[in-house]
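*Asks:* here is a sequence with its predicted model. Questions after.
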Amino acid sequence: AQTVTQSQPEMSVQEAETVTLSCTYDTSENNYYLFWYKQPPSRQMILVIRQEAYKQQNATENRFSVNFQKAAKSFSLKISDSQLGDTAMYFCAFMRYNAGNMLTFGGGTRLMVKP
Amino acid sequence: IAGITQAPTSQILAAGRRMTLRCTQDMRHNAMYWYRQDLGLGLRLIHYSNTAGTTGKGEVPDGYSVSRANTDDFPLTLASAVPSQTSVYFCASSLSSGTNEQFFGPGTRLTVL
């Protein structure tokens, strides 16, 4: 079974600064996908970024980027130039390759962006 | 385009009552999922369906049942609700079980007293 751990229950950052959210996972699989989801106060789950384990290059989506360390089983999310609208819960998630699309989520990190 | 809709938005239910949470998607996605979200635990998969007519158990299936009579609808039933089923429930869908992006509904907040 896979497990996903987010060790920071809460974090805060000043607007326009950079923040990094941590995620580690445990698996014996070699092929898998990793995701970061954002859940703002509206409760809607929004996909932020995803990474295929076979790709060495870190994924980037505008102000969001990841640091994927496969050997260390680490998948951190960096948010640059933080904006007030980034205030949300952030969930790291794992999916085995060819495993019916089932996601395993971490417990989440609550991020507060302060003006 | 609605995407995924869930009903009701919230519900307070007496223990022992039967409850069905509704989920409908208009994206013609083959795969659908039900998760529950609890504080500190993230989202956990309850049941899934890779295509109409098939269903499977997720991580926490006990006390829940699902059906998939057609592509669009994936209801979740609590046959006899218990307080530990108090949670926020999310329905999700993806184009197929081989496609890895899931789209989520707005959630249903259920309180069992």
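*Replies:* Cool, the structure landed. Fair warning: this is a prediction, and the values are worked out from it, not measured in the lab.

*Asks:* A:Met89 bridge partners, please.
*Replies:* Here A:Met89 sits in beta bridges with A:Gln39, A:Arg110, going by DSSP bridges.

*Asks:* that should have said B:Gly56, apologies.
*Replies:* B:Gly56 forms beta bridges with B:Tyr48, as assigned by DSSP bridges.

*Asks:* surely it meets B:Ser49?
*Replies:* Yes - taking C-beta atoms under 8 Å as the contact criterion, B:Gly56 and B:Ser49 are neighbours in contact, 7.1 Å apart. Glycine gets a C-beta too; all of them are placed from N, C-alpha and C.

*Asks:* pick out whichever of the two has more residues nearby.
*Replies:* Legend: neighbour count by other C-beta atoms under 10 Å in any protein chain shown for B:Gly56 and B:Ser49, higher for B:Ser49 (22 against 15).

*Asks:* pretty sure the more buried one sits against B:His29.
*Replies:* No - look at B:Ser49 against B:His29 with C-beta under 8 Å: they stay out of range, at 10.2 Å.

*Asks:* low-confidence ranges in chain B?
*Replies:* Low-confidence segments of chain B, defined by pLDDT under 70: B:1, B:97-100.

*Asks:* what does it put close to chain A?
*Replies:* Counting by C-beta under 8 Å from any C-beta of the partner chain, the residues of chain B close to chain A are B:31, B:33, B:35, B:40-45, B:48, B:50, B:56, B:58-59, B:88, B:90, B:92, B:94, B:96-102, B:104, B:106-107.

*Asks:* what about the helices in chain A?
*Replies:* Counting by DSSP state H, chain A has no helices to list.

*Asks:* list, one by one, the residues from it near chain B.
*Replies:* For chain A, the residues in contact with chain B (C-beta under 8 Å from any C-beta) are A:4, A:6, A:9, A:33, A:42-45, A:47, A:50, A:91, A:93, A:95, A:98, A:100-108.

*Asks:* which entries within those meet the buried criterion?
*Replies:* Among the residues of chain A next to chain B, those scoring as buried are A:4, A:6, A:33, A:43, A:45, A:47, A:50, A:91, A:93, A:95, A:100-108 (criterion: 16 or more other C-beta atoms under 10 Å in any protein chain shown).
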